[in-house]
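>>> can't give you the sequence, but here's the structure:
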DNA sequence: TAGTGGTCTAGACCACGTG
DNA sequence: ACGTGGTCTAGACCACTAT
């Protein structure tokens, strides 16, 4: 049970939509009815509905109501800063993470510029590969500020870095800027990834910031191109 | 001037941030101050700030204020259903659109399933290529329901399909489900695109829905892999 | 302690769709 | 005419940050 009313309402409704208790195509109860049901004011209901709308659960139609959308064969969206482990758990596949390197280093020129660092600031460098069905298809290179992450072990990196950062270190991640491109596989890719005939990789580069706007991580996630898939739900902004 | 107060406030503030009148790192005036300045209630200000936050302009910090983020070298996000023409106008580059095919057709099995169609429903099929700097790097294949788009000409397709749909036909686009993958170039790609040594293409497939939840378009946008770039701003959802 | 953002409320008026 | 969602308001209380 969450402390916020509108999030509880969101979770209740979204769960009912996912389990088709509220089937696609049908109208949700009106905002006033929902207000009575959940004993909440209309604005609070509207906050919950806004979340449902943003995440593709409903479409609001003025004068009519909120239509439940078909959310059934919705592949997971990679959007929203979801970590590798959360994705793996979501799909239920058997993944394995291998830590290839874990060292403390000073940033080179490129990283200094990219992350806006002094040349003597220490960084954790973590290289991990992700294996599924005997094939290694993802290579993750992470660079984390020692100032924000004072301690790091191979065990943590193998388990879940984000779990550790959010729940152990109690840091709150705020947002990330991401960029996706396709590139030719390089030396390192050939070393770690199962490439066979595939020669290109999808590279997702992210700058990750904390709640207080401080940059603390740069990640380069390299996916074997044929195993990459990005799913998105996008609303049209009418500004 | 928009009719909605919170959108006006959003546009005013975002423009001031983009022009660095409100420089990155600085705090916005408090919500109460903004309420006085814009003669709006606090909740209205908060709606404007929520928009700024979602679009990467600010980071709100409880007990402190709203920090202006660095939005300077923010490449345009492809998110948000932006059409080719809007992107081209945004970057200011000289693009050229060529209509390769414009026909009426019945859907094949694949399209029937994908778009949930009857086999006798008529579709517009539009194939367009996009050229920049002498190289043709994007191939767009669109399928539109004749029921929703009764008339279509090569001229319209060359100019802007979305302009026509939204402003002439007065249809409102609601949302889209997108999927991005990387594939080997096929016959058609080699026919229309300038591929030289590149052999893979990034394929963006979208199902586009109207405001009233009706599906009306399927689009397959094929990009020469080395010319593709997807930029995203993602917030961490703490539910 | 004072000021900030986060949540919630009750009520008002408007715009839109349906009968 | 009625019910729907869309906007806006004024006010309350809480949680957090600063000092």
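Received the coordinates, thanks. What you see is a predicted model, and the numbers here were worked out from it, not measured in a lab. Numbering: from 1, shown residues only, chains lettered A, B, ... in the order given.

>>> Show me the strands paired with the helix or strand hosting residue A:209, marking each as parallel or antiparallel.
According to DSSP states H and E, residue A:209 maps onto strand A:200-210. Strand A:200-210 has the following strand partners under DSSP bridges: strand A:173-184 (antiparallel), strand A:215-224 (antiparallel).

>>> distance of residue A:226 from DNA strand D?
Distance, residue A:226 to DNA strand D, using CB to the nearest atom of the strand, to the nearest Å: 41 Å. For glycine as for every other residue, the C-beta is placed from the backbone atoms N, C-alpha and C.

>>> Which residue is the nearest non-sequential neighbour of that residue?
Distances taken as CB to CB, 6 or more residues apart in numbering or on different chains place residue A:198 nearest to residue A:226, at 5.5 Å, with adjacent residues excluded.

>>> Residue A:228 is in contact with that neighbour, correct?
No: applying CB atoms under 8 Å, one finds residue A:198 not in contact with residue A:228, separated by 10.5 Å.

>>> Those two: who's more crowded?
Between residue A:198 and residue A:228, counted using other CB atoms under 10 Å in any protein chain shown, residue A:228 has the larger neighbour count: 23 against 18.

>>> For the residue nearest to the more buried one when sequence neighbours are not counted, give the beta-bridge partners.
Nearest non-adjacent residue to residue A:228, counting by CB to CB, 6+ apart: residue A:202, 4.1 Å away. Counting by DSSP bridges, residue A:202 is bridged to residue A:182, residue A:223.

>>> need the strands for chain A, in chain order.
Taking DSSP state E as the test, the strands found in chain A are A:58-61, A:65-68, A:95-105, A:123-132, A:135-145, A:173-184, A:200-210, A:215-224, A:230-235.

>>> Strand A:215-224 and the last one, what's the angle between them?
Taking axes from the mean of the first three to the mean of the last three CA atoms, to 10 degrees, one finds strand A:230-235 and strand A:215-224 inclined to each other by 120 degrees.

>>> Is there contact, residue-wise, from strand A:230-235 to DNA strand D?
No: Strand A:230-235 lies out of reach of DNA strand D by CB under 7 Å from any atom of the strand, never closer than 11.6 Å.

>>> Can you give the strand pairings for that strand, parallel or anti for each?
Partners of strand A:230-235 in its sheet, by DSSP bridges: strand B:173-184 (antiparallel).

>>> Quick check, residue A:145 in contact with residue A:217.
Yes: the criterion here is CB under 8 Å, and residue A:145 meets it with residue A:217 at 7.3 Å.

>>> out of the two, which sits in the more crowded spot?
A direct count of neighbours by other CB under 10 Å for residue A:145 and residue A:217 places residue A:217 higher, at 23 against 20.

>>> Neighbours of the nearest residue to that one once chain neighbours are set aside, how many?
Excluding the flanking residues, the one nearest residue A:217 by CB to CB, 6+ apart is residue A:208, at 4.1 Å. Neighbourhood size, residue A:208 [other CB under 10 Å]: 22.

>>> what does residue A:53 give?
Residue A:53: 18 neighbours (other CB under 10 Å).

>>> can you pull the contacts of the closest residue to it other than its chain neighbours?
Counting by CB to CB, 6+ apart, the nearest residue to residue A:53 once its immediate chain neighbours are dropped is residue A:60, at 5.8 Å. Counting by CB atoms under 8 Å, 6 or more residues apart in numbering or on different chains, residue A:60 makes contact with A:49, A:53, A:66, A:67.

>>> Could you dump the residues you listed into a markdown table with distance to residue B:18 added?
Shown next, in a markdown table, are the contacts of residue A:60 (distance: CB to CB, whole Å):
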| residue | distance to residue B:18 |
| --- | --- |
| A:49 | 30 |
| A:53 | 27 |
| A:66 | 34 |
| A:67 | 35 |
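
>>> So which of these is the closest to chain B?
Closest to chain B out of those is residue A:67 (5.1 Å), distances taken as CB to the nearest CB.

>>> Quick one: residues contacting that closest one.
By CB under 8 Å, 6+ apart, the contact set of residue A:67 is A:25, A:26, A:27, A:28, A:58, A:59, A:60, A:61, B:213.

>>> Before I go, just wanted to say thanks for your time.
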